[in-house]
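# what follows is a predicted structure for the sequence shown.
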Amino acid sequence: MATKASRSAARIMMAPAVVLLLGWMLVPLIMTLYFSFTKYLPLRGDSLERGLDWVGFSNYARFISSSSFWPSVQTTLVMVGGVLLITVVLGILLALLLDQPIWGQGVVRILVIAPFFVMPTVSALVWKNMMMDPVNGILAHLWRFFGAEPISWLSDVPLGSVVLIVSWQWLPFATLILLTAIQSLDSEQLEAAEMDGAPSLKRFWHIILPHLSRAITIVILIQTIFLLSIFAEIFVTTGGAFGTRTLTYLIFQRVIDSQNIGLGSAGGVYAIILANIVAIFLMRIVGKNLDA
Amino acid sequence: MARAITPRRKALTTAAAWTVALLIFFPIFWTILTSFKTEAQAINDPPLFWNFDWTLENYGVVQERSDYMRFLWNSVIIAGGSTLLGILIAVPAAWSMAFVPSRRTKDILLWMLSTKMLPAVGVLYPISLLFVQFNLLDTRAGLVVVLMLINLPIIVWMLYTYFKEIPGEILEAARMDGATLKEEILYVLTPMAVPGIASTVLLNFILAWNEAFWTLNLTAANAAPLTAFIASYSSPEGLFFAKLSAASTMAIAPILILGWFSQKQLVRGLTFGAVK
């Protein structure tokens, strides 16, 4: 049983991790909050040493009323929503397929999981050049083979292309988690339903899908958190041009390209609030799991 | 009773699964294949699948022109360093949370997880400012610290779920047999914890290796790892498909191999134990 001594020892053992994470969270967060209320343009001579002008909520108002804000929100929603839809639907189908007895299951799994381990800059560049290049890309060859005019992917359907690339990266993640969940399904229940003559579509709707609902929720929440901060894929392919500027990318441009720290920080605070709304739901599920 | 499967059905599902798997894997396969072609063959019309002269020339050129080994070394140091540092800090924390839980343990775990949700771009400027202040910009040490911090919640969580599975009775039995605390940790707990720690190291090494926000934004010439090196290829200079492929293959090969060993841990690590 835990004694008083072991309790204080436990506290000491936990201290480094807690203190470091607390600092990592609070210090930059407070700085961002502070900057968001100031006029801070380093290129025009504003600096911390000379003191910054307090401007109240005007950065927040300006960030929202700028003409690029709502398009960026829309782009973010389309991108996150599109990737979620593709990865969850295809992930379920693929997980069902991989759950079947097949020859060479191990190798198939390895091939399917591989894109998840490819670093984002590599997958973006490989898709941009090797796959989507309008002259030499594989897709262009394929289109010509069928007698069609090759598509210039990243300028004709830029947002769709980025969604495709990101979906390719995240499909393995969704598939793997859903497959793990399917495999934990009680096979006796399925067999009983099968013997009762329930057709496979009915078995899917009434037994498999309800069983998967928790795993699907988790996939959606975790992916959303990662997808909201998609960066390298846009940075490498379009650089935020042609309507692929997400909220994250817009903030990045405000801070790094135009060096408007006050405005960018206000945007950052919006992004933090947005991510936290998603996070609350995820934490609830994870927290419930801790009690069990 | 196992369900009876007709060979016909198995053949059909096998064909379907292999088709999908090969489609998904194709971009990687194509990249690896192209890395062995000459630049002219790489953009040949129609695309060449086998009838080309295999060459290792691209690998040599990439190393020579851009000193590839330096970026590789940076990646190894940054990913390895941040993982080791994270493990050193997380093992005691996860250990005490798993074996001496208090009423607040759950809250602390959830709070740690919540720090992972902070969007990086929201704190980009403060972090760069602090990096300038402490002379950490474009240093490997700086990145080791930042990547350790962003992965620390995952490391603590993974270790916690592994340690939780070690039955407490074994510890009590050891204590009854007169084991001291030191012996208990050394001979009873450690051997049982090693597989969990190894899995955690593996997954976090992969995550740190592939991290592409901080590595792109906080490095320039000196500390840039492979993620940044590859990104520099986004500005094309003439014919470069084969060289891009060679550079990409070298960047992803080690992690693909490690990753294939870590499929199971991936699920546990990235769902924070919610799906096992």
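Thanks, I have it.
# now the helices for chain A?
Along chain A, the segments classed as helices by DSSP state H run A:4-36, A:58-65, A:69-99, A:105-113, A:120-125, A:138-145, A:153-156, A:158-183, A:187-195, A:200-203, A:209-228, A:232-237, A:247-252, A:261-291.
# pick the most buried one from these.
The highest average neighbour count among the helices of chain A, using mean count of other CB atoms under 10 Å in any protein chain shown, belongs to helix A:120-125 at a mean of 27. C-beta: built from backbone N, CA, C; applies to glycine.
# what does it rub up against?
Contacts made with helix A:120-125 from outside it, assessed by CB atoms under 8 Å, 6 or more residues apart in numbering or on different chains, are listed as A:115, A:165, A:168-169, A:231-233, A:235-237, B:27, B:210, B:212, B:216, B:227-228, B:230-231, B:233-234, B:244, B:248, B:251-252.
# let's see it at 6 Å
Contacting residues not belonging to helix A:120-125 are listed as A:169, A:232-233, A:236-237, B:212, B:227, B:230-231, B:233, B:248, B:251-252 [CB atoms under 6 Å, 6 or more residues apart in numbering or on different chains].
# using TSV, please lay out the helices of chain A together with mean pLDDT.
Rendered in TSV, the data for these read as follows (pLDDT from 0 to 100):
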stretch	mean pLDDT
helix A:4-36	86
helix A:58-65	86
helix A:69-99	90
helix A:105-113	87
helix A:120-125	89
helix A:138-145	85
helix A:153-156	82
helix A:158-183	90
helix A:187-195	75
helix A:200-203	80
helix A:209-228	83
helix A:232-237	84
helix A:247-252	86
helix A:261-291	82
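# okay, these in CSV with distance to B:L12 next?
What follows is the helices of chain A, written out as CSV (distance: least, CB to CB, whole Å):
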stretch, distance to B:L12
helix A:4-36, 51
helix A:58-65, 54
helix A:69-99, 11
helix A:105-113, 14
helix A:120-125, 31
helix A:138-145, 25
helix A:153-156, 33
helix A:158-183, 19
helix A:187-195, 18
helix A:200-203, 14
helix A:209-228, 23
helix A:232-237, 36
helix A:247-252, 43
helix A:261-291, 37
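# these: which one's closest to B:L22?
Nearest of the helices of chain A to B:L22, taken as CB to CB: helix A:105-113 at 6.7 Å.
# tell me which other helices or strands that closest one touches.
Secondary structure elements in contact with helix A:105-113, counted by 3 or more CB pairs under 6 Å, 6 or more residues apart in numbering or on different chains; DSSP states H and E, are helix B:7-34.
# contacting residues around the closest residue to A:V135 other than its chain neighbours?
Of all residues not flanking A:V135 in the chain, A:P150 sits nearest, at 7.4 Å (CB to CB, 6 or more residues apart in numbering or on different chains). The contact partners of A:P150, taken as CB under 6 Å, 6+ apart, are A:134, A:140, A:143.
# not counting sequence-adjacent ones, nearest residue to the last one?
So that's A:W143. For A:W143, the nearest residue in space outside its immediate sequence neighbours is A:P150; the separation is 4.5 Å by CB to CB, 6+ apart.
# any idea how far chain B is from the one you found?
11 Å (CB to the nearest CB, to the nearest Å).
# tell me the pLDDT of that residue.
Looking at A:P150, its pLDDT is 82.
# may I have the phi/psi pair for it?
In terms of degrees, to the nearest 10, the main-chain angles of A:P150 are phi -60, psi 150.
# B:K37 in helix, strand or coil?
Recorded secondary structure, B:K37: coil (DSSP: H, G, I helix; E, B strand; the rest coil).
# and A:I151, backbone torsions?
Comment: the main-chain dihedrals of A:I151 come out as phi -90, psi 140, following degrees, to the nearest 10.
# quick one: it and A:Q259, what's the gap?
From A:I151 over to A:Q259 the distance is 36 Å, taken as CB to CB, to the nearest Å.
# redo the contacts of helix A:120-125 as a markdown table? Include distance to B:M112.
What follows is the contacts of helix A:120-125, written out as a markdown table (distance: CB to CB, whole Å):
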| residue | distance to B:M112 |
| --- | --- |
| A:Q169 | 26 |
| A:A232 | 25 |
| A:E233 | 28 |
| A:V236 | 31 |
| A:T237 | 33 |
| B:A212 | 23 |
| B:T227 | 25 |
| B:I230 | 31 |
| B:A231 | 30 |
| B:Y233 | 37 |
| B:S248 | 34 |
| B:A251 | 31 |
| B:I252 | 30 |
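# out of those, which one sits closest to A:R203?
Nearest to A:R203 among those is A:Q169, at 31.3 Å by CB to CB.
# how about the residues of the stretch 1-150 of chain A by chain B?
Counting by CB under 6 Å from any CB of the partner chain, the residues of the stretch 1-150 of chain A lying close to chain B are A:2, A:6, A:10, A:13-14, A:16-17, A:21, A:24-25, A:28, A:31-32, A:97, A:100-103, A:108, A:110-114, A:117-122, A:125-126, A:130-131, A:136, A:141.
# tell me, how many residues neighbour A:Q100?
A:Q100 is surrounded by 15 other residues when neighbours are defined as other CB atoms under 10 Å in any protein chain shown.
# nearest spatial neighbour of the residue in the stretch 51-200 of chain A that chain B sits nearest to, skipping sequence neighbours?
When distances are taken as CB to the nearest CB, the stretch 51-200 of chain A approaches chain B most closely through A:F117, which lies 3.5 Å from it. Counting by CB to CB, 6+ apart, the nearest residue to A:F117 once its immediate chain neighbours are dropped is B:G259, at 3.5 Å.
# measure the one you found to A:K288 for me?
Using CB to CB, one gets 30 Å for the distance from B:G259 to A:K288.
# with A:A232 instead?
With the distance defined as CB to CB, A:A232 ends up 33 Å from A:K288.
# can you check B:A221 too?
48 Å.
# got a list of what the residue positioned nearest the centre of chain B touches?
Relative to the mean C-alpha position of chain B, the nearest C-alpha, by CA atoms, centre = their mean, is the one of B:I206, at 1.0 Å. Contact partners of B:I206, counting by CB under 6 Å, 6+ apart, are B:255, B:259.
# model confidence score at it, please.
86.
# from A:Q100, how far out is A:P71?
Using CB to CB, one obtains 44 Å as the distance from A:P71 to A:Q100.
# ok, B:G196 next?
Summarising the geometry, the distance separating B:G196 from A:Q100, computed by CB to CB, is 31 Å.
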